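> pasting a predicted model and its sequence here:
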Amino acid sequence: MARFLSIILFLVCASASAEGLLPVPEKTVVLTFDDGVLSHSTVVAPLLKKYGFPATFFVCEFQPDFDDKSKYMSWEQMAQLHADGFEVASHTRSHKHVNVMAPGEFDQELAYVERKCAALDVPKPKAFAYPAYVHTPVALRTLRERGYKFARIGDSRAYDPAVDDPLLIPSFSTTGTNENAAQRVLAALRLATGGKIVVLTIHGVPDDAHPQVTTSPELFERYLKFLAEEKYTVLAMRDLAKYARPAPHTANTAMERYAPQLEKVADADAWRAYFTRSDAWRARHVAALEAELKAAGLELPKRAPSGGARYVTPEKTRLAKSMMSFQLPCGGWSKSVNFDKGPREPGMQWTSQESPWHYAGTFDNRATTDELQFLASAYNAEPSQEILSAIERGVDYLLEAQYPNGGWPQNYPLEGGYHDFITLNDSAMLHVLELLDRVVRSNGGFGFFQNEARRERARAAVERGNECLLRMQVRSTVWCAQHEPLSLAPAHARLFEPASLSGGESVEVVRYLMRLPKTPERSKAIEAAVAWFAGAQTFQAKDERQWARFYDLKTQQPIFVGKTDGRTYETYEAMRAHNPGGYDYLVTRPEDLIGKWVGRWRLGR
């Protein structure tokens with residue numbers, strides 16, 4: 001067995017050497033300190049300098065009493081740690097656990113710490129510690145996108161660079177003030193052997209802010225003395241790059257995300273131009289907001305007001321001015337913004353989301369298309385060049401957001417994830433097509449819109465969009481709620497929204513196609529979808545027939561995916577036994593399609 005382990009260790013070291021990494025020395029330890037408590041500056045740093053040890057300090061603005069400087073360091077004291085040669089890294093802004101953060105909130109918390117560091121000439125953090133050791137797949141993806149190299153959890157075991165994810169590095173806590181705690185820590189340190197590294201998580205020394213995780217100064221110096229006498233190699237997190245592969249940087253621009261797929265696409269140049277424009281708009285949005293923050297003397301943007309009725313007011317002109325103030329530089333709008341609360345203030349996000357870049361330009365929940373429709377109504381009531389210019393910018397946005405193949409993403413500029421998919425969910429793409437068609441025909445409130453160049457571009461966009469719908473139909477059946485942008489294949493969105501045949505969104509697609517002039521291709525698609533709905537498995541509830549929202553792509557049988565566990569169940573009842581509701585898993589819309597609308601369409605009514 002000893003010979004076998006020696007061979008394994010040799011192979012690991014040989015592999016590391018081949019990648020330019022050094023073999024892990026025996027007795028290697030990483031010292032890390034959490035929460036930005038005052039004793040890190042007054043007790044810990046002087047002792048580390050006494051022994052000549054490096055370390056990483058994971059800083060944050062621990063809430064709710066970060067302003068109490070008898071407990072926490074100031075940012076200037078944190079910056080002094082860097083000046084003293086220590087690594088300053090991120091522990092989020094507020095110490096909020098990542099699993100309870102809203103979409104985009106984690107990204108914003110990381111950005112805040114990065115901005116604070118930059119303002120104090122502290123390098124951008126490349127290491128991260130999860131508050132309370134809690135981590136999620138979304139958090140890992142965000143860290144990779146932002147270029148973080150190493151991240152630490154708990155787990156009370158030694159770190160094995162040959163096995164462990166560099167963004168899930170395990171550690172031991174030193175919490176305690178008695179001999180039992182000391183023996184536990186010393187036992188952990190002795191595990192630093194055979195290519196494994198022991199990482200210590202240390203809170204306050206002492207920790208007046210959180211006594212439950214305190215380490216006494218006496219025990220702390222005892223540990224340092226032990227490390228010195230036993231000749232341990234002591235590292236900061238950044239030093240791990242000598243011995244372990246850091247996390248690879250994950251693409252966070254559209255061009256980076258899609259570049260590998262473009263080799264197989266015929267119109268690759270058009271797609272490259274599209275992704276370049278999208279990335280440029282996102283960069284312009286970031287620069288514009290940062291300039292406003294700087295001019296206003298703000299560290300963080302204010303969130304746009306949310307909730308309430310966006311359009312319920314007799315004062316169309318006043319609401320229109322507020323609405324136009326929230327129009328993004330790219331020409332679109334976010335969703336769930338309450339324009340009735342007044343115009344956007346300098347340094348305010350264009351969105352009501354936690355992150356200023358989440359839904360920063362979207363068609364979700366009728367966003368952008370409803371704003372344009374309202375502004376058209378306001379213009380008709382009281383014409384003005386200001387409103388007309390906003391409408392023209394909005395129409396340009398719709399046209400620019402269209403993919404080269406005719407589809408539309410949910411969000412533009414592209415945000416990544418399922419927001420990049422061609423989105424039929426909630427009829428997002430259909431709403432864009434319908435509004436552009438009103439522009440083309442100068443009806444539906446757009447009779448005033450006589451810009452022939454834009455109308456011609458809109459006409460071409462509608463034609464491409466209609467053709468794209470036909471190409472997205474899945475094997476002469478129906479459609480998925482969202483499709484991959486390049487391949488048009490059915491795509492998986494949120495946890496409970498699988499790549500599947502949609503019993504809901506497909507109805508609206510068919511109804512849209514029925515309103516178009518008949519062509520052989522459209523008629524074939526409509527008849528195929530109607531036949532599929534007529535033959536699909538349904539459920540009887542009281543006096544109505546119900547179709548499933550999702551049907552399996554292969555078996556075409558109903559499937560129900562849990563909102564909480566993401567598991568696929570064969571029946572709605574089985575899924576609800578383990579998951580909450582709050583989603584239309586069963587729909588009745590196909591009944592009118594096959595019982596009424598198709599007959600009228602066939603008769604040309």
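Arrived safely, thanks for sending.

> pretty sure residue 493 contacts residue 481?
Yes: counting by CB atoms under 8 Å, residue 493 touches residue 481, with 6.8 Å between them. From N, CA and C alone the C-beta is placed, and that goes for glycine too.

> can you give me the strands in the stretch 451-600 of the chain?
Using DSSP state E, counting those that start in this stretch, the strands found in the stretch 451-600 of the chain span residues 482-483, 501-502, 538-541, 544-548, 550-551, 558-561, 568-569, 586-587.

> and the nearest residue to residue 418 once chain neighbours are set aside, how many neighbours?
Closest residue to residue 418 apart from its sequence neighbours, by CB to CB, 6 or more residues apart in numbering: residue 493 at 3.9 Å. The number of residues packed near residue 493 is 18, by other CB atoms under 10 Å.

> measure residue 493 to residue 171 for me?
Distance, residue 493 to residue 171, by CB to CB, to the nearest Å: 35 Å.

> same thing with residue 283?
Counting by CB to CB, the gap from residue 283 to residue 171 is 37 Å.

> ok, the two, which is more surrounded?
Neighbour count, other CB under 10 Å: between residue 283 and residue 171, residue 171 has more, with 25 against 12.

> tell me what the longest helix that the chain contains is packed against?
Using DSSP state H, we find that the single longest helix of the chain is helix 268-296. Counting contacts by 3 or more CB pairs under 8 Å, 6 or more residues apart in numbering; DSSP states H and E, helix 268-296 packs against helix 254-258.

> which neighbours do residue 493 and residue 481 have in common?
residue 425 (CB atoms under 8 Å, 6 or more residues apart in numbering).

> residues of stretch 316-332 that come out buried?
316, 319-332 (16 or more other CB atoms under 10 Å).

> rewinding a little: centre of the chain to the helix or strand following the longest helix of the chain, how far?
Next in sequence after helix 268-296, counting helices and strands by DSSP states H and E, comes helix 316-325. Helix 316-325 has its C-alpha centroid displaced from the chain centroid by 30 Å (CA atoms, centre = their mean, to the nearest Å).

> please apply the same query to stretch 90-104.
13 Å.

> what of stretch 502-509?
26 Å.

> ok, residues contacting that stretch?
Contacts of stretch 502-509 (CB under 8 Å, 6+ apart): 424-427, 430, 469, 478-481, 529, 533, 536, 547-551, 584, 587, 589-590, 593.

> inside helices: which ones of these?
430, 469, 529, 533, 590.

> for stretch 576-594, buried residues please.
Counting neighbours by 16+ other CB under 10 Å, stretch 576-594 gives 579, 585-591, 593-594 as buried.

> pick out the lowest-pLDDT one from those.
The lowest pLDDT within the buried residues of stretch 576-594 belongs to residue 579, which sits at 90.

> ok, the closest residue to that residue other than its chain neighbours - how many residues close by?
Of all residues beyond its chain neighbours, the one nearest residue 579 is residue 562 (3.6 Å), with distances taken as CB to CB, 6+ apart. By other CB under 10 Å, the residues close to residue 562 number 18.
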